[in-house]
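Peer 1: Build me a model from this:
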Amino acid sequence: MEGPNITIAPAKIGPAPRTSDHLEVWARLPRPLRGVAIVGVSMLATTAATLLGLVLGLWLPPQSVSLVYLLAVMLTALAFGTATGLAVAFLAFLSYNFFFIAPIYTFTITDPQEVFALIAFLAVAISTCSAIGSMSPR
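Peer 2: Predicted coordinates:
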């Protein structure tokens, strides 16, 4: 009695991915900014995040708006480099305090929990920016 005839066909494997493929993605991004350009892009990104936060603040609690600022930090760090991301993190820290933490339109913080939340936001923004900056081969 013969057993079943089993044939194992070799898998069709395409070409190995080139090691430079991931570098091509980074190459399409603009070069890191320097000098006055950092300030300009940082102010634009923070202003855009603030305007979006004010609109979303009509439906969301103020604590959720900090995520809009964090997204602005991440995108600018990825697109324009770590220095620009850090500048956006600092401006977002100030803008979030001024526009969304009671009493609004001041830099005064009356609730100790808000002080902790604001410092935690800044720490997360800086560490996220640094992590994104370390991923870039620039």
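
Peer 1: Can you tell me the centre-most residue of this structure?
Peer 2: Residue closest to the average C-alpha location in the chain (Cα atoms, centre = their mean): residue 74, at 1.3 Å.

Peer 1: Can you give me the pLDDT of that one?
Peer 2: pLDDT recorded at residue 74 is 91.

Peer 1: Can you tell me the SS state at it?
Peer 2: Here residue 74 takes the helix state, with states given by DSSP: H, G, I helix; E, B strand; the rest coil.

Peer 1: swap in residue 51?
Peer 2: In three-state terms, and counting by three-state DSSP, residue 51 is helix.

Peer 1: Residue 59 too?
Peer 2: Secondary structure, three-state DSSP: residue 59 is coil.

Peer 1: Give me the distance between it and residue 52.
Peer 2: Remark: distance between residue 59 and residue 52 (Cβ to Cβ, to the nearest Å) = 12 Å. The C-beta positions use only the backbone N, C-alpha and C, and glycine is treated the same way.

Peer 1: Also residue 66?
Peer 2: Applying Cβ to Cβ, the value for residue 66 to residue 52 is 12 Å.

Peer 1: likewise residue 76?
Peer 2: Residue 76 is 14 Å from residue 52, where distance means Cβ to Cβ.
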